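>>> Quick one, fold the following:
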Amino acid sequence: MTDLSTTYLGLKLRNPIVASASPLSKKLDRAKKLDEAGIGAIVMFSLFEEQIIQESLELDHYLNRGAESFPEALSYLPDGGMYAVSPEKYLNQVAGLKKAVSVPVIGSLNGVSKGGWTNYARKIEEAGADALELNLYFISTDPDMTSGDIEDMQVDLVAEVKSAIKIPLAVKISPFVTSIPNFVKRLVDAGADGFVLFNRFYQPDFDLEELEIVHSLDLSTPAEIRLPLRWISILSGQFKTDFALTSGVHSHTDVVKAMMSGAKVAMMASGLLHNGEQSVDQILSALEAWMKEHEYESIRQMQGSMSQKSVKEPAAFERANYMKVLGSFRDLP
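Below you'll find the model as predicted:
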């Protein structure tokens, strides 16, 4: 019998397909459908640093009416839109989700700086989360802030969050880092138990009629799997830590590619939002059929089979691949 099980962050999962942070976890009935369809684990939608700070400022306002700085302070905090839930409601959602489903539930914090807000990492743990995902989403607009400043800030944040919890901690990072291997090494030293590659940066557009900035969310395409696929294949053989591949996972073949790169799980959001929760069962059936056809007895058997851990000089390998790809266009008209 084909064994689809895997482990991620020390958690035993029935298969490597994980529902990544998305609006699906906001509704218990939809989360239950994911569980019934066979999902391996569910990552909660994110609780943002700004939401926690805003609630704190509002409390301070009611305790200290007349504080002149209050209106200005709150104005700097953006509207969270569909993710604008209170921290306490978020904790209740974690607890409710944990009771409603049979699979591991991973909480999610999104922040950039150290501070009292990180105490919510412990509260998420107390609410029942099996692990925590820390989403490092930050775009620097200050020309005096160096790449070292940004990395130092994020490493310190990971260390602070890790010190607050006993459950495993995964860190979701951006691909826009000069030396990803060195950054991962620093985060491992700071206490990270695993990594989610990569965070997607949502780009704004311009409305030329209204002359306004348009904020839109475009679902991922299968082509986007190539970036995390490349980096997990480079990193998985260098560090004793878990990697989760996210972005571009839409089919069973994407899951196979993720496993062969060295990932422990393949995370889905866009595919689930587009095709519905029932698509999990379809992907699992196709995955099992593919494994039987290609004589794989287990997921563990294929994990890391196409990573670069056997290549002595990954950087030279990448240069050779770069030259080969460009050379393939020579004969085009």
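>>> For Ile232, which non-adjacent residue is spatially closest?
Nearest-residue entry for Ile232: Ser261, 4.4 Å, with adjacent residues in sequence omitted and distances by Cβ to Cβ, 6 or more residues apart in numbering. (Each C-beta comes from the backbone N, C-alpha and C, glycine too.)
>>> what's the spacing between Glu295 and Gly194?
29 Å (Cβ to Cβ, to the nearest Å).
>>> neighbour count winner among those two?
The residue with more neighbours, out of Glu295 and Gly194, is Gly194; 22 against 7, by other Cβ atoms under 10 Å.
>>> For that one, list each beta-bridge partner.
Assessed by DSSP bridges, Gly194 has beta-bridge partners Ala170, Asp242.
>>> can you pull the contacts of it?
Tyr8, Leu9, Pro168, Leu169, Ala170, Val171, Thr241, Asp242, Phe243, Ala244, Lys264 (Cβ atoms under 8 Å, 6 or more residues apart in numbering).
>>> would a markdown table of these with neighbour count be doable?
Converted to a markdown table, these look like this (neighbours: other Cβ atoms under 10 Å):
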| residue | neighbour count |
| --- | --- |
| Tyr8 | 25 |
| Leu9 | 23 |
| Pro168 | 20 |
| Leu169 | 23 |
| Ala170 | 24 |
| Val171 | 29 |
| Thr241 | 19 |
| Asp242 | 23 |
| Phe243 | 27 |
| Ala244 | 27 |
| Lys264 | 26 |
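>>> now these in CSV, with pLDDT and distance to Ala159?
CSV is the format used below for these (pLDDT from 0 to 100; distance: Cβ to Cβ, whole Å):
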residue, pLDDT, distance to Ala159
Tyr8, 98, 22
Leu9, 98, 18
Pro168, 98, 15
Leu169, 98, 10
Ala170, 98, 15
Val171, 98, 11
Thr241, 97, 15
Asp242, 98, 19
Phe243, 98, 20
Ala244, 98, 21
Lys264, 98, 23
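>>> Just put the residues you listed in JSON lines and tack on distance to Val112.
Below are the contacts of Gly194 laid out as JSON lines (distance: Cβ to Cβ, whole Å):
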{"residue": "Tyr8", "distance to Val112": "25"}
{"residue": "Leu9", "distance to Val112": "22"}
{"residue": "Pro168", "distance to Val112": "21"}
{"residue": "Leu169", "distance to Val112": "16"}
{"residue": "Ala170", "distance to Val112": "17"}
{"residue": "Val171", "distance to Val112": "12"}
{"residue": "Thr241", "distance to Val112": "22"}
{"residue": "Asp242", "distance to Val112": "23"}
{"residue": "Phe243", "distance to Val112": "22"}
{"residue": "Ala244", "distance to Val112": "21"}
{"residue": "Lys264", "distance to Val112": "26"}
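>>> what's the neighbour count on the nearest residue to Ala129 once chain neighbours are set aside?
Of all residues not flanking Ala129 in the chain, Gly107 sits nearest, at 3.7 Å (Cβ to Cβ, 6+ apart). Applying other Cβ under 10 Å, we find 32 other residues in the vicinity of Gly107.
>>> do the same with the one 10 residues further on
Applying other Cβ under 10 Å, we find 20 residues neighbouring Trp117.
>>> Show the backbone phi and psi for the residue lying closest to it once chain neighbours are set aside.
Ranked by Cβ to Cβ, 6+ apart and with sequence neighbours excluded, the top spatial neighbour of Trp117 is Ile52, at 4.1 Å. Main-chain torsions, Ile52, degrees, to the nearest 10: phi -70, psi -40.
>>> Wait, Ile52 touches Ala121, no?
No - the pair Ile52 and Ala121 does not pass the contact test of Cβ atoms under 8 Å, sitting 10.7 Å apart.
>>> Look up how far Asn119 lies from the residue nearest to Trp117.
9 Å.
>>> More neighbours: the two, which one.
Comparing Ile52 with Asn119 by other Cβ under 10 Å, the one with more neighbours is Ile52, at 22 against 13.
>>> tell me the contacts of the nearest residue to Ser305 once chain neighbours are set aside?
The shortest distance from Ser305 to any non-neighbouring residue, by Cβ to Cβ, 6+ apart, is to Met260 (5.0 Å). Shown in contact with Met260 (Cβ under 8 Å, 6+ apart): Met302, Gln303, Gly304, Ser305, Met306, Ser307.
>>> What is the nearest of those residues to Ser140?
Checking the contacts of Met260 against Ser140 with Cβ to Cβ, the nearest one is Ser307 at 31.4 Å.
>>> Neighbours of the closest one, how many?
21.
>>> got a list of what it touches?
Ser307 touches Ile232, Ser233, Ile234, Ser236, Gly237, Met260, Ser261, Gly262, counting by Cβ under 8 Å, 6+ apart.
>>> let's go with 10 Å and repeat that
Shown in contact with Ser307 (Cβ atoms under 10 Å, 6 or more residues apart in numbering): 232-238, 243, 260-263, 314.
>>> Enumerate the positions of stretch 125-132 that are buried.
Of all the residues in stretch 125-132, those buried under the rule 16 or more other Cβ atoms under 10 Å are Glu125, Ala127, Gly128, Ala129, Asp130, Ala131, Leu132.
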